[in-house]
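Novice: What follows is a predicted protein model with its sequence.
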Amino acid sequence: MKLYWYLKQKNYLKNAFTKLAAIIALSLFESISSFPVYGISQEETGTTKSFADWCFQKENLLKELINLMELSLSDNKIDNITPISFLKNITILNLCQNHIIDIQPLAFLTNLTILNLCFNKISDIAPLSSLTNLNILTLTSNHISEITPLSSLTQLKLLVIKENPLTNQICPVKPGYICVF
């Protein structure tokens, strides 16, 4: 909150995120969904009510995070993750406790090694089949019934799939003990 207050007082909020290439890790959890967009003109914000919404509507904002390797956006009420598909260098991504249904944009993030999608509304996990570098995948408490699309993830060391309406509890990768049902 201190950074926000400083940027608001100095009228810097509008330009606060203009030189993002140097950032390699970013954690914006819990509060950005309600973080107001003060300091940004009404023409620029439109009907956007929160800072998180504004960030995701700014197409070029995430494109500028070219060196970002770690991102945590947990507990932010995010439902559209399309802008994340531009983060080609990302290796660790935490999107836990949001409102995500469609994870197709993640299919292009082939450098991911750790992915946390717990407590969302995901049912189709087929887009994850291209993420063959994944070591840790957490899918706890979603709407997943079928996990066979994960059979291509041979680098997995841990798959947490608890609290899902699975049709069967057979681990899709070997060794089977890496799965936590």
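Specialist: Arrived safely.
Novice: how near is Ser72 to Ile114?
Specialist: 11 Å (CB to CB, to the nearest Å). Yep, even glycine has a C-beta here, placed from its N, CA and C like the rest.
Novice: Need the residues touching each of those two.
Specialist: Here Ser72 and Ile114 share the contacting residues Leu93, scored by CB atoms under 8 Å, 6 or more residues apart in numbering.
Novice: Could I get the full set of helices for the protein?
Specialist: Counting by DSSP state H, the chain has these helices, from start to end: 2-9, 42-45, 51-57, 59-63.
Novice: Tell me, please, where in the protein the pLDDT is lower than the cut-off.
Specialist: Scanning the chain for pLDDT under 70 picks out the ranges 1-22, 28-62.
Novice: Quick check: closest non-adjacent residue to Asn164.
Specialist: Ile144 (4.2 Å; CB to CB, 6 or more residues apart in numbering).
Novice: and the one you found, how many neighbours?
Specialist: Per other CB atoms under 10 Å, the neighbour tally for Ile144 reads 22.
Novice: Let me see the contact set for it.
Specialist: Counting by CB under 8 Å, 6+ apart, Ile144 has contacts 122-123, 125, 161, 164-166.
Novice: Let's have those in TSV, adding distance to Asn133 and neighbour count.
Specialist: Compiled in TSV, the contacts of Ile144 are given as follows (distance: CB to CB, whole Å; neighbours: other CB atoms under 10 Å):
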residue	distance to Asn133	neighbour count
Ile122	20	22
Ser123	24	15
Ile125	16	22
Ile161	19	23
Asn164	23	20
Pro165	28	10
Leu166	24	14
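Novice: Not counting residues beside it along the chain, what's closest to His143?
Specialist: Spatial nearest neighbour of His143, chain neighbours left out: Ser123 (4.1 Å); criterion: CB to CB, 6+ apart.
Novice: quick one: that neighbour from Gln104, how far?
Specialist: Note on Ser123: its distance to Gln104, by CB to CB, is 13 Å.
Novice: what do you get for Asn133?
Specialist: Remark: distance between Asn133 and Gln104 (CB to CB) = 18 Å.
Novice: One more: Cys96?
Specialist: Counting by CB to CB, the gap from Cys96 to Gln104 is 19 Å.
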